[in-house]
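Participant: What follows is a predicted protein model with its sequence.
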Amino acid sequence: MINKRVESMAQALQGIKDGDVLLIGGFGTSGQPTELLAGVLEFGARDLTLVANNTTMGNDIVADLMRANRVRKCICSFPRGLLGKTIFDELYNAGKIELELVPQGTLAERIRAGAAGIGGFFTRTAAGTELARGKETRLIDGREYVFEKPLTGDVALIKAKKGDRWGNLVYHRGARVNNPAMAGAAKLVVAQVDAFVELGELDPEHIVTPGLFIDRLFEVKK
């Protein structure tokens, strides 16, 4: 019987190790797997690379990971918080954390390419800018394009609204940002859900991420 549900945070995060690349779903705190990230902080993995839409909003679990010196590098589109400087700015200016800045659409497409097994793609975004430095470029129909490589991770931590024991997931609105693509782009995929449901309760037409892509499912009890 297929049952991807786990009962504890320790079971959910088993196998995450120092130096791993973590794909973190969500847009800001919407769709962010906050509780799973708190578990990463508790269980002590270090030297992590975080791939996410943004680093930290200023006072959240990602900031806590950074304060604990668990993060070596961030690959993201928005490294700064909405309200000004954050712990990321402090660490970056001190040379204690690395940054790979990726335009938002390019970030999403690089993750999707990683999930689809595509070797890369050309995009006009970042052509002629510092972000294109060191990358292959090509003229296509008289316009310059930049070659971008796929992004994959050792572990994807994602958040969904509901999931069944097979791992089928549905999301709530903006929580879909990056979560579904990341589910296909990592060796180990752990999803936190607001609620477990029985098989057959999810409308097949509403399932966004099929259970095929999910390894473990952890219910966050409110």
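Facilitator: Nice, thanks for sending it over. For clarity, every value in this text was computed on a predicted model and none was experimentally measured.
Participant: What segments of the chain are strands?
Facilitator: Here the chain has its strands, by DSSP state E, at 5-6, 21-24, 48-51, 71-76, 98-101, 121-123, 137-140, 143-148, 153-163, 169-170, 186-196, 216-219.
Participant: and residue 208, which of those is closest to it?
Facilitator: strand 169-170 (6.0 Å; CB to CB). C-betas here are computed from N, CA, C, even on glycine.
Participant: and the closest one, what other elements does it pack with?
Facilitator: Here strand 169-170 touches strand 153-163, going by 3 or more CB pairs under 8 Å, 6 or more residues apart in numbering; DSSP states H and E.
Participant: neighbouring strands for the strand it packs on, and are they parallel or not?
Facilitator: Looking at strand 153-163 with DSSP bridges, its partner strands are strand 21-24 (parallel), strand 169-170 (antiparallel), strand 186-196 (parallel).
Participant: Need the ones you listed in JSON lines (columns: mean pLDDT and distance to residue 144).
Facilitator: Output for these, formatted as JSON lines (pLDDT from 0 to 100; distance: least, CB to CB, whole Å):
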{"stretch": "strand 21-24", "mean pLDDT": "98", "distance to residue 144": "29"}
{"stretch": "strand 169-170", "mean pLDDT": "97", "distance to residue 144": "39"}
{"stretch": "strand 186-196", "mean pLDDT": "97", "distance to residue 144": "32"}
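Participant: among these, which is nearest residue 6?
Facilitator: Nearest of those (CB to CB): strand 186-196, 8.5 Å.
Participant: Report the central residue of this structure.
Facilitator: residue 24 (2.2 Å; CA atoms, centre = their mean).
Participant: Beta-bridge partners for that residue, please?
Facilitator: Beta bridges link residue 24 to residue 157 when assigned by DSSP bridges.
Participant: can you give me how far stretch 58-74 is from the chain middle?
Facilitator: How far stretch 58-74 lies from its chain's middle: 14 Å, per CA atoms, centre = their mean, to the nearest Å.
Participant: So for that stretch, what gets flagged as buried?
Facilitator: Buried residues in stretch 58-74, defined by neighbour count with 16 or more other CB atoms under 10 Å: 58, 60, 61, 62, 63, 64, 65, 66, 70, 71, 74.
Participant: Can you check the pLDDT for the first one?
Facilitator: According to the prediction, residue 58 has pLDDT 81.
Participant: one step back: who wins for proximity to residue 152 among the strands paired with strand 153-163?
Facilitator: Nearest to residue 152 among the strands paired with strand 153-163 is strand 186-196; the distance by CB to CB comes to 6.5 Å.
Participant: What lies in contact with that closest one?
Facilitator: Strand 186-196 is contacted from outside by 5, 12-13, 15-16, 23, 33, 35-36, 152-165, 167, 169, 182-183, 209, 213-220, 222, using CB atoms under 8 Å, 6 or more residues apart in numbering.
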